[in-house]
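Student: have a look at this fold, sequence not included:
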């Protein structure tokens with residue numbers, strides 16, 4: 001299988017102290033970000049490696065498995081990171097797979113972190129699931145330290161949550177009640 005083979009590799013991804021040999025053509029065909037990177041690298045220099053510092057080697061390997069095989073193994077324990085790396089490298093199907101994992105196992109311990117993820121990556125599906133979970137479990141969630149940290153560090157998230165709990169559509173930033181009353 002091409003994913004496990006270093007035959008004819010022409011690029012290296014460095015993650016911490018590990019080197020992963022890959023094929024530029026495969027990565028470029030699957031990821032617009034890699035395609036742009038290789039095009040720019042070809043035009044500017046002859047560098048044949050990239051260093052990925054913001055993800056663990058297991059996460060990078062799982063992304064590469066997906067790029068090469070269009071499949072993922074059990075990603076439940078790293079779904080947050082897979083979601084982030086899929087966003088970074090514009091792998092929409094992988095993002096969707098990770099998003100489904102994130103939605104399927106929401107609990108009181110991870111809901112605040114996933115609320116932040118949904119906001120950071122503009123994930124409507126995840127945000128809706130998180131908001132519903134919070135509304136349905138509010139008594140237990142508000143007792144956690146993670147909730148305290150969330151509301152202190154991101155108070156703006158509460159407005160949307162509050163409006164959703166009342167079944168009120170979000171108010172557009174372009175229109176205020178004062179402007180409407182002036183007419």
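Tutor: Right, received. Where do you want to start? Note that this is a predicted model, so its numbers are computed, not measured. Numbers count the residues shown, from 1 in each chain.
Student: so which residues of the chain form helices?
Tutor: 24-30, 32-44, 57-69, 79-88, 92-104, 111-120, 124-136, 138-141, 145-153, 156-165, 177-182 (DSSP state H).
Student: relative to residue 118, how far out is residue 151?
Tutor: Per CB to CB, to the nearest Å, residue 151 is found 16 Å from residue 118. C-beta coordinates here come from the backbone N, C-alpha and C atoms, glycine included.
Student: those two: who's more crowded?
Tutor: residue 118 (23 against 14; other CB atoms under 10 Å).
Student: quick one: contacts for that one?
Tutor: 126, 127, 130 (CB atoms under 8 Å, 6 or more residues apart in numbering).
Student: between those residues, which is nearest residue 138?
Tutor: Proximity of the contacts of residue 118 to residue 138 (CB to CB) peaks at residue 130, which lies at 12.4 Å.
Student: surely residue 82 is in contact with residue 94?
Tutor: Yes - with contact defined as CB atoms under 8 Å, residue 82 reaches residue 94; the gap is 6.7 Å.
Student: any residues in contact with both of the two?
Tutor: Contacts common to residue 82 and residue 94, judged by CB under 8 Å, 6+ apart, are 63, 72.
Student: hang on, the earlier thing: tabulate the contacts of residue 118 (TSV), appending pLDDT.
Tutor: Listed next are the contacts of residue 118 as TSV, based on pLDDT from 0 to 100:
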residue	pLDDT
126	96
127	94
130	96
